[in-house]
Structure formats: structure tokens, C-alpha cells
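Enquirer: Requesting a structural model of the entry that follows:
(2 chains)
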Amino acid sequence: MTAPPHIWVEPEHLRDAARRLRETGGRLQMAYAWYSEPSRLELRYVATEAGQSHFAVWRCAPNGAAPSLAGIWPLTGWYEREITDLFGLVFSEHPEPHRLMLHEGVNPIRPPFDPDYPAQTPLEAELKQQSVPEVAGATADVQLLPFGPVRADVFESGEFLFFYVGESILHYQPRLFFKHRGMEKRFEGLAAEGGIVLAERISGVASVAHVLAYCQAVEAAATCVAPPRARFLRVLLAEMERLYNHLHYLGHLCHTTTLKVGEAQGKLLEERVKQLNARLTGSRFLRNILTVGGLRRDLSPKGWLEAELKTLQEDFSVYARHLENTDSHLDRLITTGILEQRVAFDQGATGPVQRASGFDRDVRRDHPYAAYAELPLTVPVRDAGDAHARAQVRMAEIDASIAVVQHVLSLLPDGPIKADCEVPPGSEGLGFTESPRGTLFYAVHFDQRGRLARVKIKSPSFSNWRVFPFTVHGSNMMDYAINEASFGLTIAGCDR
Amino acid sequence: MPLWTLLGLRQGKQTAPWPLAEGADGQAAFIGMPRYNSDRCTEECRACADVCPTKAITIRLQAAESGRLDIDYGRCIVCQLCTETCPTGAMTRSSDWAFGARRRQDLVWQSSPFEPSSADRASRRGFRRSLHVRHVDAGSCNGCESELQALNSPFYNLHRLGIFFTASPRFADLLLVTGPVTYAMLTPLRATYEAMPEPRWVMAIGTCAVSGGIAEGGYASGHGLDGVLPVDVYLPGCPPNPAAIIHALLMFLDRLPQRVQGGRLGE
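Expert: Below is the predicted model of the structure:
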């Protein structure tokens, strides 16, 4: 893996660079800030350029303020608001200049990522209702329903505001970041290995995707490569994670369409994979295996996992066939929550959500890591952009994942499982994985003592939560739960 | 629809016999809390304490007969770093997961086990066979939620035990809390508790809710439930597996005994 090229961009030229990227068929992926020195704030933009297998990185030294790129790349709106909340940098002409990460009513003495923010000082807050758009016209008919942050059933915390007229949703606004734990800050000052247990606990159901992206970012900084056996086993773990996530997704989707046996069957298959995970690693979430340079200990999946996956595939194909033949289920999915391709692109949709709206993009294939370059991978794509397409993409991905794991099991080389990795002081690296929910980035920066100075995590749900409301405005209340389930969002990774 | 009924019937019974009868509990090969063998601990070694990311293991200033280490399983995130680092086998891997405890100090390692506290039976009598629980996520990583959701899968089928998740705190007897309690969830969490009718109880699920875990402190996270709500049952784990949650629920109802005493499982 070659280091991505860095390009310095002056603040006044940022918008030109953003426009050029758009015109030449590229896409802005994410933006973040960090203090390269205690008084020197630097902005980073990560982009894909057409036909390039590496990510381009732009560096920008803002002079007290920077221009917002949200007018050119709407997806950057959230990144810029996050930087404003956590670093205090204001973006000029921002279309939504409101709080995002820290709720309205929080007034920290300094932004929490300011080097002078006193360590271990909790935020004080008098929480207020979030800013919402004003409703004009016949407002007497418009009802406001605030729902959350504590929701029905076992769900993650988040608040959702519905402006509605009768059954129709006029405007929908999620308020997330109730679960913001300040996790990125916890990495600071740790040695590279110290970040492992943290990365595994950013988003529990994507432990492998997170820790793998983190390890690959550190390995990029250290310019070391995990040995072949470790790289194949990393693929195996990542695909087992995708399997239990997608099976859970299908069961939960059936829950929202009230297909009871379908729900039970999906959750039963999910539980079966979690038990296979425990048999493989001792952890139902595949934790405590990965480390910088390879694996913490060897695994022996051969001789038993092949047969287990074969029966799983048989049972799954019966289940999938039933789902695709149940009219009452399909009626509630087809044309529900259509995400237009243009909106998906502009607002930054990723993973199965993006692939169900016609974008053939998957970093496992487009920017291969671990052992993906040596394995045959099918990337299913659908064009309809509705809840049914999102479910179909995931169903096809289950088949593709099982096929990849079977290939890993037949090709798995013997040999060492860990390489030595020495992180040079002042180095940095970018790591990325295709998690079950989409592209996940870790950007790591080390200080002059070889300790972590900054870790930025871009989770796929951060991208997809930004996109999701565009499919809710103008829809109806009955479809909401189905539409939300069809996006397969989590909150922990988004909130961090 | 008949298609699904047929599919369901053809599957046969998928629910684990445990805990109603002897048999598989689905937790085979699960690696649980590390076990401390105090007699293998050597002088001047501090490998495990240095590697522990949540300071669950600390070296005693004065070594007593009961060992050199203070181990608080209420802080353990089951990362296994101590078992991998320990040169003498004093910290070893185990399959111990039934760590639900009525008192916080039952999770702290002791050479002579505590007498397990007796339950407050009288006030809970009417709830033994039917309990309604409400869950609140106070900033978890979603691992605990994933395992709580698993309880309603056919494999664990929590309903058969008379335990139900309820949508409203107004109908809830027990509040299950996950996460370290972030600054933004503190008020909604307290409001949920206040909305519950009395008598009401609280269970801290997962190491974050017990002590803050890996997410403890910083600018946005709290230190778990202590000092926020009165806790009746502590269940550490990262996350606790479904069987551990079921065990803790049944222990709360006096239908199974508490197994952890002095930071380890009794017989």
C-alpha cells in the first residue's frame, strides 16, 4: 500500500479544488481537523479521484476560519459542524450553522479538542430543544411529534422529530449524539497497541471492521504488512461479522413488516453465526483477536467451519426464497423510502444503502486490503433505491460473504500471524474497511514520542444517518419503521 | 403465510433447554472473565496491572495473605490482555460468565469469599413469575443491545421465563441500563426512572453501566450508574452474553442463586 499523496490547499482555493473534484468524477469522502502542533490547527479532506486506487488527502491551514464546502459537497455539512463543535473552527457561509455533536445548551469553557481543555472535565449542559425549521402556511394542521431519545423496545438512544399532517410526514429531523462518549479523544497519548481495545468498542456490532481499519491505519504509518495467514484470517473475521449483521438486519426488517416467523428465523440464523463466532474466537463479537501487525493468537477454522457454513447457506437460501415470495412483506418494502441516486451521491450514502441506489462501490474491491485482492468477491448492486433493493443487496451479500469465507478456508496459508511494526515518531496513516454498513475510515497521527496524537473515526452510519431523512420527508408514518430498518443504521459508531 | 408456518414447524423446537432444564446453553467456547490464581502470582511482577486498560487490576501497596492484586471485575472488559501477558499463569482464561451480583463488592476479588447477600424477598414476591423490564441505552457501544435483542430470539426465548420487554417505563418493574451514562443521556435516564411506578428496581448491564468501562470519564462520559440511580443488580461483561443476562434476571427474581462471590464463581 503506497502512502496517499498529500496536497496543500490554501483556504481561499478550497472551493475551487472541491468543484474541480466534482467535475472530474471524484468524490469527497470525509473531513476532519487535528492539531499538528498545540497552536496549529490543520484541516484534512480525504477524496477519491476517478480511476485512482489511492485516496487523495488535502491539507489546509485555516486562518481562524475556513470556507464551507457544503454548497458543493452537501455531505461535508456534518463534518464541518462536527469540527465547529469539537475544535471551535467556524466555516463561513455554512447552510446549517447549528450544533451537531454537542447539543444546544452545552457551553464548554473551551472546545473539547482544544489542547487547553482541562482533561477529565465533564461537559456541563442545560439541554434545550434543537433548532428546527419554521413551518409556514397552514400551521394549525401541522403536528409535531418528538420521539425519543428513549424509544420503545431495545433500541439505541436517539431523538426524532416528526412534523406531520395526518398520516403524512412533512419534515423529519433526527437528533443524534446523545450517545457521544468522546471516544476519539481517548486514543490520545496511548501507544499504538493501546488503541486496539478502544477501536473494538466504538461500535460493538462492527468490532472487527473498526479494529481492522485502526490496525491498517497504524500499519500504514509504520509501513509494515501483516503476514499472509493473518491477512486471510482478517478477511474471514470481517466476513463472519457481515454475516451476523446482515442476518440480524433481515430479522429486524421482518419485525417491522410484522412477519413473525420471518423475524424468528432471521434472529435464529444470527444467533447461530454468533455461536460460530464464539467457537472460532471465544467472543461472539470476534473481539480480542486482531492487533497491529496481524493477530494476537492463531485460529483454527479448518475442518469444521466449512460444513457449518454449508448448512447455514442452505438454510439461508430457503429463508431468502421465502422472503422473496411473501407478497405481504414485499408490498411493504417495494417503493418504500426511495433514495434517488443523485441524493445518495451528494449526501454521502455508503455501503449497501449506496449499492441499492445504483452505485457500484465497495472498498474491498476498489481499494483492496487484507487478502481481498486474492479472493473472488461479488459486489451486488441494485438500482431501485427502495427498502426492497436495500434488503436484496444484503441478501446477495450474505451469499457473497459465505463464498469468500469458503475460499479463505481452502486457500488459508500456514505461517506466522504477526509482523513487527515500529511506528516512526511523527508518522500518520489512513486505514479503511468495508464494514457491514459501508466504508469506515480511521486516520491516525502519531506525535514525536510515537504516541497517538489524533485518531479520527468516520463510521458508515455517520454517512447514512445524514442521508436517511431525505427518504422520510414526504413519506407516511406507517412506512417509517420499515424504512428506518431498511437502512440498517447504528448510532454508537455515528455518535462515538 | 402457510408457507411460513410450515417452515417454522419443520424446524422443530429451536429453544435451548437451559435454564429450565439441564442441557446446552449455547455458550460453548465462550471466553469469559479472567481467573486469578493468587498462589501463582510472583513478587515484583506487575505485568497484568500495567496492561489492563480499565485499571481493573491494581497492585496492593501491602501484600496480604489474600494475594498481591486488587481485582475489580466490575471494571473488567474481558479483553484478555492480562491472561496473555501474565508470565506465570496467575491470570488465566476461563469460561466464567455468570457474574450477576447484588452487591458491588461481590465483584471484587477476595481470598475468603463473602457471604452472598440474601435477597430482599418480601418486596419481590409478586414478581417472581412475571417481570416487565424497560431498557435504556445510556451511551453503550451497541454490543449490550445486540445481546439484549438476542434474548428474544427463539434460541433464548425470554418470554417463556415470564420476562417481557415493555415499551413504556410506566409498565416496567425493572430498568436495564447499558452504557457509561453520557452527559446527554443523564437527564433522559433519570426521567425514565422517575416515570416507573414503585416498587422499581435497576440492573446495570455491562461493564460500562457498572463502572464506566472503557468509556469512563473524559469530557462526555460518566462512571456508570453508581451515584446516578440506586442499583439492585450489577452485571459486568463486555458485553455480557445472553445467558449471563438471563442468569442475572433470574437471580434478581430469586429463581437462581447468585454465583459470584468475592470476584469468582462459587460452586
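
Enquirer: Run through the bridge partners of the residue nearest to the spatial centre of chain B.
Expert: Residue closest to the mean C-alpha point of chain B, counted by Cα atoms, centre = their mean, is residue B:235 at 2.0 Å. Taking DSSP bridges as the rule, residue B:235 bridges to residue B:205.

Enquirer: That one and chain A: what is the separation?
Expert: Remark: distance between residue B:235 and chain A (Cβ to the nearest Cβ, to the nearest Å) = 15 Å. C-beta coordinates here come from the backbone N, C-alpha and C atoms, glycine included.

Enquirer: what pLDDT does that residue get?
Expert: For residue B:235, the pLDDT comes out at 96.

Enquirer: Next up, the contacts around it.
Expert: By Cβ atoms under 8 Å, 6 or more residues apart in numbering or on different chains, the contact set of residue B:235 is B:99, B:100, B:101, B:203, B:204, B:205, B:206, B:210, B:244, B:245, B:248.

Enquirer: distance of the fifth one from residue A:287?
Expert: Look at residue B:204 and residue A:287: by Cβ to Cβ, to the nearest Å, they are 21 Å apart.

Enquirer: now do residue B:242
Expert: 16 Å.

Enquirer: Of all the residues in the stretch 51-200 of chain B, which one is nearest chain A?
Expert: Closest approach between the stretch 51-200 of chain B and chain A, counting by Cβ to the nearest Cβ: residue B:143, at 2.6 Å.

Enquirer: what's near enough to touch the nearest residue to that residue once chain neighbours are set aside?
Expert: Once flanking residues are discounted, residue B:143 sits nearest to residue A:204: 2.6 Å by Cβ to Cβ, 6 or more residues apart in numbering or on different chains. Contacts for residue A:204 (Cβ under 8 Å, 6+ apart) come out as A:285, A:492, B:140, B:141, B:142, B:143, B:144, B:145, B:146, B:239.

Enquirer: where does the residue of the stretch 1-150 of chain A found nearest chain B land on pLDDT?
Expert: Going by Cβ to the nearest Cβ, chain B is nearest to residue A:112 of the stretch 1-150 of chain A, at 4.4 Å. With respect to pLDDT, residue A:112 scores 93.

Enquirer: Confirm it sits in a strand?
Expert: No: Residue A:112 is assigned coil when assessed by DSSP: H, G, I helix; E, B strand; the rest coil, not a strand.

Enquirer: tell me which element residue 210 falls in.
Expert: Looking at chain A here, since you left the chain open. Following DSSP states H and E, one finds residue A:210 within helix A:207-222.

Enquirer: ah, I was thinking of chain B
Expert: With DSSP H and E as the test, residue B:210 turns up in helix B:207-211.

Enquirer: hmm, that helix in reach of chain A?
Expert: No: between helix B:207-211 and chain A, judged by Cβ under 8 Å from any Cβ of the partner chain, nothing touches; the nearest distance is 8.6 Å.

Enquirer: CA-only coordinates of that helix in CSV, if you can.
Expert: What follows is helix B:207-211 as a C-alpha-only set of coordinates in CSV (Å, rounded to 0.1, in the frame of the first residue of the first chain):
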residue,chain,number,x,y,z
THR,B,207,-19.1,-3.1,32.4
CYS,B,208,-19.8,0.5,31.2
ALA,B,209,-23.0,0.7,33.2
VAL,B,210,-21.3,-0.9,36.2
SER,B,211,-18.2,1.3,36.3
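
Enquirer: re earlier: the residue nearest to residue B:143 and residue A:148, how far apart?
Expert: 20 Å.

Enquirer: Repeat that for residue B:57.
Expert: 38 Å.

Enquirer: More neighbours: the two, which one.
Expert: Legend: neighbour count by other Cβ atoms under 10 Å in any protein chain shown for residue B:57 and residue A:148, higher for residue B:57 (25 against 18).

Enquirer: Read off the pLDDT value for that one.
Expert: Here the pLDDT value assigned to residue B:57 is 92.

Enquirer: That one: what's it in contact with?
Expert: Contacts of residue B:57 by Cβ under 8 Å, 6+ apart are B:48, B:49, B:69, B:70, B:71, B:82, B:91.

Enquirer: Distance check, it against residue A:234.
Expert: Between residue B:57 and residue A:234 the distance is 29 Å, computed by Cβ to Cβ.

Enquirer: still on that earlier bit, would you report which members of the contacts of residue A:204 are assigned to helices?
Expert: Under the assignment DSSP state H, the contacts of residue A:204 contribute A:492, B:143, B:144, B:145, B:146 to helices.

Enquirer: Distance to residue A:73 for these - can I get that in JSON lines?
Expert: Formatted as JSON lines, the ones in helices among the contacts of residue A:204 follow (distance: Cβ to Cβ, whole Å):
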{"residue": "A:492", "distance to residue A:73": "26"}
{"residue": "B:143", "distance to residue A:73": "33"}
{"residue": "B:144", "distance to residue A:73": "36"}
{"residue": "B:145", "distance to residue A:73": "33"}
{"residue": "B:146", "distance to residue A:73": "33"}
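
Enquirer: Need the buried ones from those selected in ChimeraX.
Expert: To isolate the buried members of the ones in helices among the contacts of residue A:204 in ChimeraX, using 16 or more other Cβ atoms under 10 Å in any protein chain shown:
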select /A:492 /B:143,144,145,146
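
Enquirer: Out of the ones in helices among the contacts of residue A:204, which is nearest to residue A:366?
Expert: Nearest to residue A:366, judged by Cβ to Cβ, of those is residue A:492 at 26.4 Å.

Enquirer: Which residue is the nearest non-sequential neighbour of the closest one?
Expert: The spatially closest residue to residue A:492, leaving aside those adjacent along the chain, is residue B:142, at 4.0 Å (Cβ to Cβ, 6+ apart).

Enquirer: Tell me which residues touch the one you found, please.
Expert: Listed by Cβ under 8 Å, 6+ apart, the contact partners of residue B:142 are A:156, A:203, A:204, A:205, A:490, A:491, A:492, A:493.
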